[in-house]
Structure formats: C-alpha cells, structure tokens
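1. Pasting the sequence and the predicted model now:
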Amino acid sequence: MSSKSDLDKIDKNIISLLQKDPEITYSEIASKVGRSQPAIEKRIKKLERYGFLSYQTGLNIRTSDFIYLKIELNTKNPDKILKKAKKCPFMTVAFKVSGENDVIIIAYGEDLRSLTNLIYDHFKDDKDVISISLEIILDVNKDLVLPIELDIAKCKYIKKDEQNS
C-alpha cells in the first residue's frame, strides 16, 4: 500500500466515515461497511501505518475568533521560506506551489495589526522575498482544523514589548 490506487472501496468508505465523524466507533464503521469490528480495526491500523490516515488536534477556523491570512510570496528560494514559516507557530501551514507566487502560507493572529507586523518581521527584509501579498480569510466552506500554537512566547519574531502588551 503505497499510493491512493492501493485503496479499495472499503478503505475509502472507512476514511470517508472517519472524516465525517472522527468519534465514530469501529463497531459503527463495521456495520456501515459490512465487515467485522476486528477487520475494521486492522484496516484502520494499516491506513495509519501507511500514512493514509493521520490525526491532528487544533482549532477550527470556522468557529475560532482569530484573524486568518493567506500570504502569497514570490521568492528566490521557496525552500528557505518554508523552513522559516515552519519555525513560526503563527504560520500554521505553508505550501510550495507553482506559479509566480511560489509559497502560500496560512497564518493567524489575534488582530490584523499584530498579524501584519508578524508577517513583515519575518519577510520584509529577507533578500529572497521578491513580493508579498496578503488576503484575509473571511470564511471556509467546510470545517478546517489547524494546529494552532497559543503560546506566543515561542515565536522568536515577536518582540519582547509585544509579548507584554
């Protein structure tokens, strides 16, 4: 099992059921897909082992009151920018993409001013960043859980005076 083509109809049904209800029991899945509970448990363990199923705890951006930004960067070195984004707890996910803007980052903050300052502290003086575009995320069509770090002291780019305000 190394690619999505290795997933059969039962595996796909299991994944779909877990996406709709992460708290569904093995017994409930078994009754919905017509297999035994031990068979379902074995399949789920296999899907986890091969990376088809993974779990993440975080905040749902549809229900949290943080501000979320989509940041698009045109860079000379997208891998360097991805590494920089990975170190910042306020940048929850970053993508290397094709096109003029080669990095997209989803970031969050308590207010637009501090979030904008955070972005500029990270990238404004970086010689590998050609341009930055920011857009506020207003809504999403489905629940989206992101790994949110709530301890701002862990971000080396936050200035000490900002931490105390």
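-> Arrived safely, thanks for sending.

2. which sections of this structure are below the confidence cut-off?
-> 1-5, 149-165 (pLDDT under 70).

3. care to break it down by domain?
-> Annotated domains of the chain cover 4-49, 59-163 [automatic domain parsing].

4. okay if I get those as JSON lines plus mean neighbour count?
-> Any C-beta I mention is one placed from the backbone N, CA and C, and that applies to glycine too. Shown next, in JSON lines, are the domains of the chain (neighbours: other Cβ atoms under 10 Å):
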{"stretch": "domain 4-49", "mean neighbour count": "14"}
{"stretch": "domain 59-163", "mean neighbour count": "15"}
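
5. Strands of the chain, start to end?
-> 59-60, 67-75, 91-96, 103-109, 129-136, 145-146 (DSSP state E).

6. Rebuild those strands as CSV, extending it with distance to D8.
-> Below are the strands of the chain laid out as CSV (distance: least, Cβ to Cβ, whole Å):
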stretch, distance to D8
strand 59-60, 31
strand 67-75, 36
strand 91-96, 29
strand 103-109, 33
strand 129-136, 40
strand 145-146, 27
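
7. between the ones you listed, which one is nearest to V33?
-> V33 sits nearest to strand 145-146 of all these, at 24.5 Å, using Cβ to Cβ.

8. and the closest one, which strands flank it?
-> strand 59-60 (antiparallel) (DSSP bridges).

9. what's next to the partner strand, contact-wise?
-> Applying Cβ atoms under 8 Å, 6 or more residues apart in numbering, the contact partners of strand 59-60 are 66, 143-146, 148.

10. What of stretch 119-131?
-> 69, 71, 73-77, 80-81, 84-85, 88, 91, 101, 107, 132, 134, 157-159.

11. please redo it, this time with the cut-off set to 6 Å
-> Residues from elsewhere that reach stretch 119-131 (Cβ atoms under 6 Å, 6 or more residues apart in numbering): 71, 73-77, 80, 132, 157.

12. Distance to L59 added to those residues, as JSON lines?
-> Listed next are these as JSON lines, based on distance: Cβ to Cβ, whole Å:
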{"residue": "I71", "distance to L59": "19"}
{"residue": "L73", "distance to L59": "24"}
{"residue": "N74", "distance to L59": "29"}
{"residue": "T75", "distance to L59": "28"}
{"residue": "K76", "distance to L59": "33"}
{"residue": "N77", "distance to L59": "31"}
{"residue": "K80", "distance to L59": "28"}
{"residue": "I132", "distance to L59": "25"}
{"residue": "Y157", "distance to L59": "21"}
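
13. Return the closest of the contacts of strand 59-60 with respect to K46.
-> Using Cβ to Cβ, the contacts of strand 59-60 come closest to K46 at V145, 23.8 Å.
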